[in-house]
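**Q** generate coordinates for the sequence data below:
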Amino acid sequence: MSIVSTKAAVPTIAPIDVGDTVNFEQTRKNALALRTDSDSGNARLNALALACRATLDARWAKTQREDATRSGRRVHYLSMEFLMGRALNNALAALQVSDEARSEAAEVADREPDAALGNGGLGRLAACFLDSFASIELPSFGYGLRYRYGMFAQRIEGGRQTEVPDQWLKNGTAWEQLRPELQYTIGFGGIVEMASANTLARRWVPQETVHARAYDFIVPGHATERVSTLRQWHAEASRPIDYAAFSRGDHLAAGKHVLAADSLNWVLYPDDSTEAGRELRLKQEFFLVSASLQDMIARHLREDHDIESFGRKNVVHLNDTHPALAPIELMRLLLDEYGFSWDAAWKTTREATSYTNHTLMPEALETWPVRMMEALLPRHLEIVYEINQRFLDVVRAKFPGDAARLQSLSLVDERGERRVRMANIAIIASTRVNGVSALHSQLMVDTIFADFAALWPDRFMNVTNGVTPRRWLEQANPELSSLLDSTIGQKWRRDLSQLKRLGDHAADEKLGAKFLAVKRESKQKLADYIRRELGIAINVDSLFDVQIKRIHEYKRQLLNVLHVIARYQAIIANPQANWTPRTVIIAGKAASAYVMAKSIIRLVHDVARVVNSDPRVGDKLKLVFLPNYSVSLAELIIPAADLSEQISTAGTEASGTGNMKFGLNGALTIGTWDGANIEMAEHMGVDNMFVFGLRTPQVAALKSVGYDPRLYLEENKALANVVNAIRSGAFSWDEPDRYKNIVQSLTQHDPYLLMADFADYVVTQSKVDALYVEPRAWAERALRNIAGMGFFSTDRTIREYVEKVWDKPRL
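**A** Model (predicted):
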């Protein structure tokens, strides 16, 4: 059983035909006529969206009809987040609509809110995958949750991050379709009864139930009439209010269960610093997998398949550990609802399941307290125990007397509070487990999953991430796209590997000048935005040094800030030196409960206040933090970047995809030998990347002998001056001890080795300065970066998943 082959050849463009074009314009006019505010920007935006939907809905129906009759497997991609961004421009590009419609869209596009269904790279990768699913014609569904308020909207008040609800659905959205005929019941808590003394089947009687309703978000393919579906689940109470309680005046009690169901829809990644927050997260994760599996099975049966063929016909792919309850819920459904034997249920579950790991940090591998699972999912805990017993029996037989290995591999961590290990469940249940860059995949089997790899070496593999060039080059940077068209033709738009042909032209001085003119135009747009939104004037001819990603210690935004301080101190000490002007731009959100990350954001603002207001510095250095980072903001920032900061501690970043987006848009990379930086360097030529810092074996060796960050402070006067400035309150004179936690971390622990990498980072930044003042050489290097990015398309990534992971069950 194989997946229906995806398109290998470069596809032809599939614009709307004449009839559809007439349809589009008429639908847009009709939608406007129905609005009392037909002249408003919101009305025009909605009319354009509805006009797109008229065609996309027909294409969606055709896609579903085709997939229902295909003989291959259908991929179901489960993810807690899909960072979709705005949909209008993507739809217009896919539909190849008239210039009139594009012109009108340009006037109102900024009114469209980003769909707040994700947070960071994990969610954006999932969104890119949906684009490629459609564009390479892969039978598929994406499954997620319909978050009413997203993760949060970031506000900056006095330099501090504050969180407010992201009301992206306040005015509704034209891009989703309620599917009222699709409703499934999801249970929590309750008791488990024996169904039969002779089988492992049970009857779960939940104490609480909610209904899952489907909203379909349509994602168009490009150069095809195929579309992808993101099916989002929305929770509703399974029963109405208690009318008797309401009539007694006990209004809160009457609707308590309604509120409990609705809270499942509110926020992505609720703050897990409280018991209630952790419980809500677990409920959300189970709600996602249960509704999705019930939907998959219903579709499978509706298409005239028997339940026994479910694993052969369907892929259930887990995007990280958040959906790792899926194999447990599938086992429950097969055992308790469909009467499978244990062995048959386990065979089907394993045939269907595959798992992508996205982290090398043990603390980031999700676990749940046994007591919480027992309270919320008692039947599933029983299944976990049964799987664990059978699995550990196999381990004991293969490695007799190895208690440490049993402890490592067990689904239940018995140390301290007993916890269920979700990554272990995902690995045991999956036919294939993949990492997302070559280094990450190797470290995965060498470190955190070494014992599993020893047991099943063939189960682990690599599929390097990518990005969709449709959004991240064609739509985000149409001027650069046109320059590429005029230089190497248009084939790269459908086959990104064609970018390699740009390498033959990289040394062309005239092309380099055109590239720099395009880059400057993008920088001017960003500078105008910064002036308008923040009131900060920046030099558009300065080097735009950009780091945009979620704020986390391992991503080392703090190292970037340390360099800014060092550079500031050096400028003050010698203001007449020939400094290369630089504007450092940082953006990203910190998790609401992540104290250190929020301290780093505040430090950025305090340093920026000092640096940007010092007349001795002027345009030589500026520091800007752009609040409320989003896909649409990234589409403005990335084309304007000269330098991309990819500076995680070696061995901590699984892959990264921001690095690819920057490279695709002609930004040079300063980065560590980590994640997909390595493969990017190999494809573009290592000399075309500014590589610095310790490599993964050196990091491990340094930690093994006892890393002492104070040694680096003693040896490096510039570094000591930077840390002392933070310690003394030079940037927080109203509260000198404000950054005591940061200073203590750097000087006493420094878990991500900022002190060890600082000197090499500063030296490498000086190499950046030296190249930037040579425009012709800089342009050539940038063009070679673009030429090396053809490998990093999600179209290639998805084809590799089909070949290595999804094509057929591998038991």
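
**Q** give the contact list for V611.
**A** V564, Y568, V617, L621, K622, L623 (C-beta atoms under 8 Å, 6 or more residues apart in numbering). Where C-beta positions appear, they are placed from N, C-alpha and C, glycine not excepted.

**Q** give me the buried positions along the helix or strand containing L282.
**A** Here L282, judged by DSSP states H and E, is contained in helix 275-302. By 16 or more other C-beta atoms under 10 Å, the buried positions in helix 275-302 come out as 278-297, 299-300.

**Q** how about stretch 70-85?
**A** For stretch 70-85, the neighbour count (16+ other C-beta under 10 Å) marks 72-85 as buried.

**Q** a helix runs through V316, doesn't it?
**A** No. With DSSP: H, G, I helix; E, B strand; the rest coil as the criterion, V316 is located in strand rather than a helix.

**Q** was I right about S522 contacting P639?
**A** Yes. Using C-beta atoms under 8 Å, S522 is in contact with P639, at 3.9 Å.

**Q** contacts for stretch 708-716, please.
**A** Contacts of stretch 708-716 (C-beta under 8 Å, 6+ apart): 719-720, 723, 746-750, 753-756, 758-759.

**Q** re the thing from before, would you write a PyMOL line that selects the buried entries of the contacts of V611?
**A** Only the buried entries of the contacts of V611 go into this PyMOL selection, using 16+ other C-beta under 10 Å:
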select buried, resi 564+568+617+621+622+623
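
**Q** which one of the contacts of V611 sits closest to P180?
**A** For the contacts of V611, the closest approach to P180 (C-beta to C-beta) belongs to L623, at 50.9 Å.

**Q** helix or strand: which one has that closest one?
**A** strand 621-626.

**Q** what ranges do the strands span in the stretch 301-450 of the chain?
**A** Ranges of strands in the stretch 301-450 of the chain, per DSSP state E, counting those that start in this stretch, are 314-319, 353-356, 367-369, 412-413, 419-421, 432-435.

**Q** looking at S522 and P639 now, which is surrounded by more residues?
**A** Neighbour count, other C-beta atoms under 10 Å: between S522 and P639, P639 has more, with 27 against 23.

**Q** give the contact list for that one.
**A** Residues in contact with P639 (C-beta under 8 Å, 6+ apart) are A476, N477, E479, L480, K519, S522, N665.

**Q** now do the strands in the stretch 451-600 of the chain.
**A** For the stretch 451-600 of the chain, the strands defined by DSSP E, counting those that start in this stretch cover 460-462, 543-548, 582-587.

**Q** for the stretch 201-350 of the chain, just list every one of the helices.
**A** Along the stretch 201-350 of the chain, the segments classed as helices by DSSP state H, counting those that start in this stretch run 243-247, 251-254, 256-262, 275-302, 310-313, 326-332, 342-352.

**Q** err, the stretch 51-200 of the chain, not the other one
**A** 88-95, 99-108, 121-135.

**Q** quick check: most distant residue from the centroid of this protein.
**A** Distance from the C-alpha centroid of the chain, by C-alpha atoms, centre = their mean, peaks at R248 (47.9 Å).

**Q** with only the CA atoms kept, save stretch 442-450 in CSV.
**A** Taking Å, rounded to 0.1, in the frame of the first residue of the first chain, the C-alpha atoms of stretch 442-450 are listed here in CSV:
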residue,chain,number,x,y,z
GLN,A,442,22.3,12.1,15.0
LEU,A,443,22.3,13.6,18.5
MET,A,444,18.8,12.2,19.0
VAL,A,445,20.1,8.6,18.7
ASP,A,446,23.4,9.4,20.5
THR,A,447,21.9,11.1,23.5
ILE,A,448,18.3,11.4,24.6
PHE,A,449,17.0,8.3,22.7
ALA,A,450,20.2,6.3,22.7
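
**Q** and the contacts of that stretch?
**A** Counting by C-beta under 8 Å, 6+ apart, 357, 360, 362, 365, 423, 427, 433, 435, 452-453, 457, 460, 462, 651, 696 sit against stretch 442-450.

**Q** can we see that at 7 Å?
**A** The contact list for stretch 442-450 (C-beta atoms under 7 Å, 6 or more residues apart in numbering) reads N357, L360, P362, I427, G435, A453, F460, G651, T696.

**Q** most neighbours of all those residues, which one?
**A** Using other C-beta under 10 Å as the neighbour test, the contacts of stretch 442-450 are led by G435, with 26 neighbours.

**Q** give the full set of residues in contact with that one.
**A** So, once contact is read as C-beta under 7 Å, 6+ apart, G435 ends up touching N357, S441, M444, N462, A654.

**Q** so which of the residues you listed belong to helices?
**A** Applying DSSP state H to the contacts of G435, the entries found in helices are S441, M444.

**Q** just the contacts of G435 now: which is nearest M660?
**A** The shortest gap between M660 and any of these belongs to A654, at 13.3 Å (C-beta to C-beta).

**Q** I figured S430 hits T353, correct?
**A** Yes. Applying C-beta atoms under 7 Å, one finds S430 in contact with T353, separated by 4.8 Å.

**Q** quick check: buried residues in stretch 89-105?
**A** Neighbour-count burial for stretch 89-105, counted by 16+ other C-beta under 10 Å, picks out N89, N90, A91, L92, A93, A94, L95, V97, A101, E104, A105.

**Q** any regions of the stretch 351-500 of the chain where pLDDT drops low?
**A** Counting by pLDDT under 70, not a single residue of the stretch 351-500 of the chain qualifies.

**Q** what segments of it are helices?
**A** Counting by DSSP H, counting those that start in this stretch, residue ranges of the helices within the stretch 351-500 of the chain are 370-376, 378-398, 403-409, 422-429, 438-446, 450-455, 469, 478-488.

**Q** how far is the fifth one from where the chain is centred?
**A** Translated: helix 438-446. Centroid displacement of helix 438-446 relative to its chain, using C-alpha atoms, centre = their mean, to the nearest Å, is 20 Å.

**Q** all set, thanks.
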